[in-house]
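A.B. asks: Here's my sequence, what's the structure:
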Amino acid sequence: MKRVRDIPFFKNIKEIREYEFGKFYFFHGLVISEINDGVTFNWEMAQKAVAAAKDVFGDDMPVAYISNRVNSYFVVPMDWAKFYTHRNQLSFYSVVGETKGSFASLVLERMFFKNSIKQFTDLEEAIAWSLSQIDGKREQQAS
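C.D. replies: Numbering: from 1, shown residues only. Just a heads-up that it's a prediction; the model follows:
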């Protein structure tokens, strides 16, 4: 499975934030995470990523998030409620993974995430889809 650093799109990187639980790659309007193996990703960790995104993008930019599941980890799906309680917004959310395990938690996440979650098996396809969605949203906001 492809990692962010291994694809040509990486040359567009704005910033990388590395935490004890994983790496977050920031591009223009796009965040790609690679969470470390065995982590249980929870609200406290998500808060660090949200703060970084606000720092990089500001509050008004439409943001697409790609969870590049190159490692096996767990997400606390109920923490999505905390995400919305704190008025955080994701315009688009997609998951890239090749194993049944990477999509098993997706079923639970869909129960708590208010928007749709798109699934991909190829990182570059997820990026292309995310960028087209962001461009479309920007065009709507401009008109």
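A.B. asks: Let's see the pLDDT reported for Gly58.
C.D. replies: Gly58 is assigned 87 on the pLDDT scale.
A.B. asks: Check Glu20 too.
C.D. replies: At Glu20, pLDDT is 97.
A.B. asks: what about it, distance to Leu131?
C.D. replies: Glu20 is 29 Å from Leu131, where distance means CB to CB, to the nearest Å. Yep, even glycine has a C-beta here, placed from its N, CA and C like the rest.
A.B. asks: Quickly list what the residue nearest the centre of the chain is bridged to.
C.D. replies: Centroid-nearest residue in the chain: Tyr65, 2.7 Å away (criterion: CA atoms, centre = their mean). Here Tyr65 sits in beta bridges with Val31, Tyr93, going by DSSP bridges.
A.B. asks: Of Glu20 and Leu131, which one has the most company?
C.D. replies: The residue with more neighbours, out of Glu20 and Leu131, is Leu131; 18 against 8, by other CB atoms under 10 Å.
A.B. asks: quick one: contacts for the more buried one?
C.D. replies: If you count contacts by CB atoms under 8 Å, 6 or more residues apart in numbering, Leu131 has them with Gly29, Leu30, Ala64.
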